[in-house]
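Have a look; sequence and predicted model below, questions after that.
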Amino acid sequence: MINQRMSPKDWLMLLLLSFLWGGSFFFIAVAVSELPPLTIVTMRVGMASITLWTILIIAGYEIPKSLKLWRSFLILGLLSNAIPFSLIVWGQTHITSGLASIINATTPLFTVLIAGTLLTDEHMTPAKIIGVVIGLLGVIVLIGPSTLTDVGADTTAQLAIMAAAVSYGFATVYGRRFKTMGISPVTTAVGQVTCATIILLPLAFFIERPDQLANPSLKVWLAVISLAVFSTALAYILFFRILASSGATNVVLVTFLVPITANLLGWLALNEILHAEYFIGMVFIGLGLAAIDGRLWDKAKILTKRH
């Protein structure tokens, strides 16, 4: 049974996950200076696959052998990695990263709708809808409302990022099945990135010919390795742990937290200035998360009844 309200341990893991995915912006920014997008994505999932297989074998997890299970991993790899990663990378070559982040922050909205429709134990409640809308407003404020002036500039690219958000929503709901199948988060992450690598590797070689590229510098290699090990391998182990204990709707709340942690990391590592919008947006996101969590909502209803 899924716990609709996250435990302190789950909130801590969600915060750590937001730092791992927030840090990916730094690693990608370094990598794109010398490598084409699809090559970066393929290296990301390929190295993550090697990392996770190493963890799987050393930790003594059972190696998945069922063909039916690998078919499920293939679908998850498509929905969670191959399709959204490719759409986002392509979309960001046409629109600003800020606008892409705002569109990507619609992931919880789509997940609430998909989970509420397809899952019997994750109902679509008014509190969840209100929380998602407030959280999305917080992301817009945090990144900067001026970013929305680019809306309509390249509709196809914007639809690509939105399609990625929908794909993430379906992937999160689809990923729920692995807990009922008795598959560990590590094994699920291994299967997902392995299948994504198999899908993306021939595409990268056909489209971008990485074998003909100049050897990247040390800083780019370190960025790609960090992207694979921390922002993919370890991040997805955390993701599937939270998904198993708290459900699809709760785990995608990380999408709201990523802009906060990305900005915070920029302040800590790059001496970037945190403007007032950052703190205002953080308040909105906090209120949105509280509404989706439901505890404050319930307390408000109790107080209303008393009066």
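Received, thanks. Numbers count the residues shown, from 1 in each chain.

Output the contacting helices and strands for the longest helix along the chain.
When secondary structure is assigned using DSSP state H, the longest helix within the chain turns out to be helix 185-208. Using 3 or more C-beta pairs under 8 Å, 6 or more residues apart in numbering; DSSP states H and E as the contact test, the elements touching helix 185-208 are helix 37-58, helix 67-77, helix 83-91, helix 235-246. Where you see a C-beta, it was placed from the backbone N, CA and C, and this is true even at glycine.

could you redo the last one with a cut-off of 6 Å?
Applying 3 or more C-beta pairs under 6 Å, 6 or more residues apart in numbering; DSSP states H and E, one finds that helix 185-208 contacts helix 37-58, helix 67-77, helix 235-246.

Residue 140: which of the ones you listed is closest?
Closest to residue 140 of those, according to C-beta to C-beta: helix 235-246, at 24.3 Å.

hey, C-alpha coordinates of the closest one in PDB?
Written as PDB, here are the backbone C-alpha positions of helix 235-246 (Å, rounded to 0.1, in the frame of the first residue of the first chain):
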ATOM      1  CA  ALA A 235      19.500   9.800  -8.600                       C
ATOM      2  CA  TYR A 236      17.300   7.000 -10.100                       C
ATOM      3  CA  ILE A 237      18.000   4.700  -7.100                       C
ATOM      4  CA  LEU A 238      16.600   7.400  -4.900                       C
ATOM      5  CA  PHE A 239      13.700   8.100  -7.300                       C
ATOM      6  CA  PHE A 240      12.500   4.500  -7.400                       C
ATOM      7  CA  ARG A 241      12.800   4.200  -3.600                       C
ATOM      8  CA  ILE A 242      10.600   7.200  -3.100                       C
ATOM      9  CA  LEU A 243       8.200   6.000  -5.800                       C
ATOM     10  CA  ALA A 244       7.900   2.600  -4.000                       C
ATOM     11  CA  SER A 245       7.100   4.200  -0.600                       C
ATOM     12  CA  SER A 246       5.200   7.400  -1.400                       C
END
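
what does it rub up against?
Helix 235-246 is contacted from outside by 3, 6, 10, 13-14, 17, 20-21, 175, 179, 185-186, 188-189, 251, using C-beta atoms under 6 Å, 6 or more residues apart in numbering.

same thing with stretch 75-85?
With C-beta under 6 Å, 6+ apart as the test, stretch 75-85 has contacts from 41, 45, 164, 167-168, 170-171, 174, 192, 195-196, 199-200.
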